Every structure is written in structure tokens, then in C-alpha cells.
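A.B. asks: this one's structure only:
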């Protein structure tokens with residue numbers, strides 16, 4: 001029993017890292033996962049239930065909030081009228097829009113301001129359990145999600161100072177003395 005001789009070589013591309021369940025121990029989220037796991041398995045609804053299930057597994061960074069303004073903008077077209085907006089994440093209020101049309105939105109969470117504005121304008125808010133009853137196959141729904149690259153951290157990704165990159169450096173202030181020398185000025189090697 002020379003167990004130590006059995007080595008498994010992991011070649012590039014072999015290691016599959018994708019979630020099969022959410023990291024969160026939230027019982028309500030876990031119940032939703034049970035429900036949509038069943039729907040994804042038992043319905044022939046294309047990808048709708050599978051996409052929702054996959055998004056329920058995601059980390060909070062990959063489930064960014066979406067504002068009311070973005071939802072209103074996406075639902076402006078005539079072919080979107082009367083459809084239910086589905087957001088696997090948080091819906092937040094946006095003070096920059098003054099009129100919110102009548103909307104039907106299903107989301108994991110709503111901020112208090114967003115909830116009151118939607119209801120005040122004759123809209124309705126439903127949970128994912130209600131959505132599963134109303135449209136188990138995803139009929140008359142529009143799946144939306146917030147911008148993942150909107151995080152401030154994303155501005156720092158890349159190499160600041162290189163030509164044609166707009167990566168934001170981690171500096172205390174923006175002046176001649178802070179990350180503004182080599183490659184930024186002719187007198188210091190080269191100017192990009």
C-alpha cells in the first residue's frame with residue numbers, strides 16, 4: 001500500500017473551479033437554491049432556470065447592485081412592456097431619475113428607498129418563490145444584472161505608468177513626485 005507513490009499530475013486547464021453551491025449559509029438563499037436546482041433539472045426552459053441557479057451561487061462581487069435608473073432605461077422599449085424584470089442581486093434607488101414607470105421586479109433584495117418608489121408608482125415587487133409559480137419557464141421576463149466592472153478596485157487593475165494603460169496607481173496624491181518619474185518625463189529615461 002504505497003499510497004505516496006500515487007501522484008496525480010494536474011495539467012494546465014484540468015482544475016475546474018466553479019461553485020456547486022453558495023458559500024453563504026443563509027437558509028433563505030439555500031431554500032431558493034433547492035427550488036431552482038429542481039426547476040433547472042426538471043424543466044426544458046432553455047437556460048433561464050440554469051442561469052438563475054448559477055447566479056445564486058455567485059459571490060457578492062459577481063452579483064453587483066443595479067440601480068432603478070438602469071432598469072428603467074432597459075425597459076423603455078415597446079417589446080419590453082409588461083415583462084417582469086429579474087435581478088439576482090440588489091435593486092437600489094437612483095435620485096437622478098424623477099419618474100419611475102410602473103414596473104414588476106423580482107430581486108433578492110431591495111433598498112428601502114427603491115422599494116417605496118416602485119410601490120408608490122404602482123409597480124409590484126415579487127420574490128423568487130413567486131416568480132417560480134408565475135413563470136417557471138421564464139416566460140415574459142427580462143434578466144438584468146449590474147455592472148461588475150463598476151467597482152473602484154477595477155480601476156487599479158493593470159500596470160500604471162506603461163504606455164496606453166489607464167490603470168490608476170495606488171498613491172497618496174497625484175503630483176510630480178508620486179509615480180511620475182521614469183516613463184513619464186524625458187529627463188528620466190523616456191517619456192511614454
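C.D. replies: Yep, it's here. The structure displayed is predicted, hence computed values, not measured ones.

A.B. asks: the lengthiest helix in the chain - contacts with which helices or strands?
C.D. replies: As assigned by DSSP state H, the longest helix anywhere in the chain is helix 27-42. Identification of packing neighbours for helix 27-42 by 3 or more Cβ pairs under 8 Å, 6 or more residues apart in numbering; DSSP states H and E yields helix 48-57, helix 128-134. (C-beta placed from N, C-alpha, C; glycine too.)

A.B. asks: residue closest to the middle of this structure?
C.D. replies: residue 63 (3.1 Å; Cα atoms, centre = their mean).

A.B. asks: spit out the contact partners of that one.
C.D. replies: Counting by Cβ atoms under 8 Å, 6 or more residues apart in numbering, residue 63 touches 55, 88-90, 108, 145-146.

A.B. asks: so which of those residues are in strands?
C.D. replies: 88-90, 108 (DSSP state E).

A.B. asks: most surrounded residue in those residues?
C.D. replies: residue 88 (24 neighbours; other Cβ atoms under 10 Å).

A.B. asks: residues in contact with that one?
C.D. replies: 52, 55-56, 58, 63, 107-108, 145.

A.B. asks: give me that answer again for 7 Å
C.D. replies: By Cβ atoms under 7 Å, 6 or more residues apart in numbering, the contact list for residue 88 reads 52, 55-56, 63, 108, 145.

A.B. asks: could you do residue 26 as well?
C.D. replies: The contact partners of residue 26, taken as Cβ under 7 Å, 6+ apart, number zero.

A.B. asks: confidence score at it?
C.D. replies: Residue 26 is assigned a pLDDT of 95 by the prediction.

A.B. asks: and it, how far from residue 61?
C.D. replies: 17 Å (Cβ to Cβ, to the nearest Å).

A.B. asks: where does the chain dip in pLDDT?
C.D. replies: The chain contains residues with pLDDT under 70 at 1-10, 45.

A.B. asks: out of the helices and strands packed on helix 27-42, which is the most enclosed?
C.D. replies: Counting by mean count of other Cβ atoms under 10 Å, helix 48-57 has the highest mean neighbour count of the helices and strands packed on helix 27-42, with a mean of 19.
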